[in-house]
Structures are given as structure tokens and as C-alpha cells.
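Novice: generate coordinates for the sequence data below:
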Amino acid sequence: MRVAWTAAAILAALLVQTALSQLLPGQARALDPFLLVLVYCGLHGGETHGMLAGAAAGWVEDVHFGGPVVGLSGLTKVIVGFGVGVAGARFLLTGATPRLLVLFAATLVDALLFERFAVIFDVPAQSLSLTGIVLRAGVNALAGALIFEIVDRQLRREARA
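Specialist: The predicted structure is shown next:
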């Protein structure tokens, strides 16, 4: 059942990113819904689930929005998913503030890894300024914390019923 929910979340992220790219092409990079999916999976399912969700989300992102090399986002998201999963298993990251910090840090690490891997593999990639990276991290942290809270409330409500 976990695989089906993860696949549905990745499909929802694809739809959100596609809509953002069509409606607001200049601001579409401000939100990374694929990263939100893998962070949630890493926090709730551990490092293996975070890694696998990151690989799947990264590949979907690369295929639909990537450049000439497929797999660069997948590689960065595997690493971030693993790191979030390890942190989620070792520390109590269930409140809103810890989730905000995890989302903020995961976005920073994802952006920096992507830029470094693009240089290493000699892939042309549009780099974000420091302001752009911090803005993206803030948007992801706020949107993710809100979405995570909504999903968790719905899951608690269904568990009680």
C-alpha cells in the first residue's frame, strides 16, 4: 500500500510541477514538489523508503523537466532521501518546526548537490543565486510543512474511524 501512495504522491507532484511550469514559468523553480514527496517518505518510512522515493521522483523529474542527461536529479534526490530517512530515524522530527528545518536543509543540500554534480559530469545546468536557493528553501519549507500537517491530520482521522 505504501508503494501505491508514494506513486500517487509522485504523480501529484508531476501534475503540480507541470501546472506551475505552464502557468508561472518564471517562478516554477521556486517550489520543488518532488522534494516534498521524498522528504515525507524519508521522515515516515526511513532511509530505504526515502531513497527509493527520491530515485523515482528524481527520474520522473528528469524525464519530464530535465536536460540532456537523465538521472542527475535522481542521483541528488537519492542522497537527500537517504539523509532525511537517517535523520528521521535517529531524531524526533515530528513537530512543525523540525519539519521546517528538515525541508529547508534538504532543499539547500539538493540544490548544492545538483550544481556540484552538474559541474562534475559536465552537464549544462542553470544555477541559482544564493538568494534564489534560500527563497526556494523557504517556499519548500513552508509549503511542505503545511502539506505534511494536512496529510498527517487526514491519516489520524482515518485511523480513528
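Novice: buried residues, the lengthiest helix in the chain. List them.
Specialist: Scanning the chain for the longest helix, with DSSP state H as the assignment, gives helix 33-65. Going by neighbour count (16 or more other CB atoms under 10 Å), the buried part of helix 33-65 is 33-47, 49-62. The C-beta positions use only the backbone N, C-alpha and C, and glycine is treated the same way.
Novice: mind listing what's buried in stretch 95-111?
Specialist: Neighbour-count burial for stretch 95-111, counted by 16+ other CB under 10 Å, picks out 98-100, 102-111.
Novice: could you measure from the residue nearest to the spatial centre of the chain over to residue 156?
Specialist: Nearest to the mean C-alpha position of the chain, by CA atoms, centre = their mean, lies residue 35 at 0.5 Å. Distance from residue 35 to residue 156, counting by CB to CB, to the nearest Å: 24 Å.
Novice: could you do residue 71 as well?
Specialist: 37 Å.
Novice: for those two, work out which one has more neighbours and name it.
Specialist: residue 71 (17 against 10; other CB atoms under 10 Å).
Novice: surely that one touches residue 62?
Specialist: Yes. At 6.0 Å, residue 71 counts as touching residue 62 under the criterion of CB atoms under 8 Å.
Novice: now, the buried residues of stretch 95-111 that are in helices?
Specialist: Using DSSP H, the buried residues of stretch 95-111 in helices are 98-100, 102-111.
Novice: greatest separation within those: which pair is it?
Specialist: Across these, the longest distance by CB to CB is 20.5 Å; it joins 98 and 111.
Novice: how many neighbours does the nearest residue to residue 66 once chain neighbours are set aside have?
Specialist: The shortest distance from residue 66 to any residue other than its chain neighbours is 6.2 Å, reached at residue 73 (CB to CB, 6 or more residues apart in numbering). Number of residues near residue 73 (other CB under 10 Å) recorded here: 28.
Novice: contacts only, for residue 73.
Specialist: Counting by CB atoms under 8 Å, 6 or more residues apart in numbering, residue 73 touches 34, 58, 59, 61, 62, 66, 114.
Novice: residues in contact with the first one?
Specialist: When you say that, I think you mean residue 34. Contacts of residue 34 (CB under 8 Å, 6+ apart): 10, 13, 14, 17, 57, 58, 60, 61, 73, 77.
Novice: from these, pick the one nearest residue 144.
Specialist: Nearest member of the contacts of residue 34 to residue 144, counting by CB to CB, is residue 13, at 11.3 Å.
Novice: could you pull up the mean pLDDT of the host helix or strand of residue 137?
Specialist: According to DSSP states H and E, residue 137 maps onto helix 130-160. When pLDDT is averaged over helix 130-160, the result is 92.
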